[in-house]
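Peer 1: sequence-free structure coming up:
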């Protein structure tokens, strides 16, 4: 039977929803629509509430107003937002710098304890962030480092929880790179450092960028670990939002939540445009 010959004789279901659901792919379409509605519904409702003219958070909104967006861009909310952005950038930077040699060692060399190190690297993914946060808080207290609780402790904690994302992403890129490429460079007289710098890194650049982006997004949206390591004046935006939720869901929180959602999306879109991140996520047509 020629490829897709079974599809040529199928009846056409376009134009009728009742028949469309009963088509061979109808159930899959229905599930996909349900998933998209379940994912995007709360976001769209929150965005609509942020433009509400009333002082209460209600849907559908009554009237249209930008007053809550004006308050969202006040220093009260901009400072935590910039704090989270700074923390996320540094966490992504240090996570990537640590993940690159670790991923290279795990994918290119066989040594005793390799499996244990790989499992230990994935440890933060297996532990709840609450447990990691409490453990780091106790560590800083018993080590006499109470003065470092705040930005320094948050940075250490975020590097810990972001490292697995960077390691796995970079390791995937290294797995797709044939070792023959490095052998060819060495046969032409290139040293190991020169091979790494001029051959390996350019070929896995997209994976490195993807790991850094995933680390940033995870750090920027984290709340469970950050909750235990903050101090007054040094709060990420997620902790700030959680604190205000104790007094109710005001329309200002809706505007801040939309901004918090849009910032990582804009960053990912820019990085994808510049570095071709989509080729790594969806698969590139080119092969080494």
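Peer 2: Arrived safely, thanks for sending. Worth saying up front: this structure is predicted, and the values here are computed from it rather than measured.

Peer 1: Which neighbouring elements make contact with the lengthiest helix in the chain?
Peer 2: Longest helix in the chain by number of residues (criterion: DSSP state H): helix 75-108. When contacts are defined as 3 or more CB pairs under 8 Å, 6 or more residues apart in numbering; DSSP states H and E, helix 75-108 sits against helix 114-121, helix 151-175, helix 205-221, helix 237-245, helix 251-275. Glycine gets a C-beta too; all of them are placed from N, C-alpha and C.

Peer 1: got any ranges where the stretch 101-250 of the chain has weak pLDDT?
Peer 2: 248 (pLDDT under 70).

Peer 1: show me the residues around residue 239 that make contact.
Peer 2: Residue 239 makes contacts with 80, 223, 226, 227, 230, as judged by CB atoms under 8 Å, 6 or more residues apart in numbering.

Peer 1: Buried residues, stretch 52-70. List them.
Peer 2: Residues of stretch 52-70 classed as buried: 52, 57, 61, 68, 69 (neighbour count, 16 or more other CB atoms under 10 Å).

Peer 1: Against residue 166, how distant is the first one?
Peer 2: Put plainly, it is residue 52. 40 Å (CB to CB, to the nearest Å).

Peer 1: Buried residues, stretch 197-211. List them.
Peer 2: For stretch 197-211, by 16+ other CB under 10 Å, it's 199, 200, 203, 204, 206, 207, 208, 209, 210, 211.

Peer 1: And for residue 141, the neighbour number?
Peer 2: 11 (other CB atoms under 10 Å).

Peer 1: Which helix or which strand is home to it?
Peer 2: Per DSSP states H and E: residue 141 is located in helix 129-142.

Peer 1: so how far is that helix from its chain's centroid?
Peer 2: 23 Å (CA atoms, centre = their mean, to the nearest Å).

Peer 1: Could you pull up phi and psi at residue 61?
Peer 2: Main-chain torsions, residue 61, degrees, to the nearest 10: phi -70, psi 150.

Peer 1: Disregarding residues adjacent in the polypeptide, which is nearest to it?
Peer 2: residue 52 (3.7 Å; CB to CB, 6 or more residues apart in numbering).

Peer 1: tell me the pLDDT at the one you found?
Peer 2: Residue 52 is assigned 78 on the pLDDT scale.

Peer 1: separation between it and residue 196?
Peer 2: 55 Å.

Peer 1: Check residue 220 too.
Peer 2: Residue 220 is 30 Å from residue 196, by CB to CB.

Peer 1: of the two, who's got more company?
Peer 2: Regarding residue 220 and residue 196, a neighbour count based on other CB under 10 Å identifies residue 220 as having more, with 23 against 16.

Peer 1: Could you pull up the contacting residues of that one?
Peer 2: Contacts of residue 220 by CB under 8 Å, 6+ apart are 84, 85, 87, 88, 236, 260, 263, 264.

Peer 1: quick one: which of those has the most company?
Peer 2: residue 236 (30 neighbours).

Peer 1: Now that one. Nearest residue, chain neighbours left out?
Peer 2: residue 84 (4.2 Å).

Peer 1: Verify the contact between the one you found and residue 237 for me.
Peer 2: Yes. Counting by CB atoms under 8 Å, residue 237 is a contact partner of residue 84 at 4.5 Å.

Peer 1: Mutual contacts of these two, please.
Peer 2: With CB under 8 Å, 6+ apart, residue 84 and residue 237 have common neighbours residue 260.

Peer 1: re the thing from before, now the helices and strands packed on helix 75-108 as TSV including distance to residue 98?
Peer 2: As requested, those are arranged in TSV below (distance: least, CB to CB, whole Å):
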stretch	distance to residue 98
helix 114-121	10
helix 151-175	6
helix 205-221	10
helix 237-245	23
helix 251-275	20
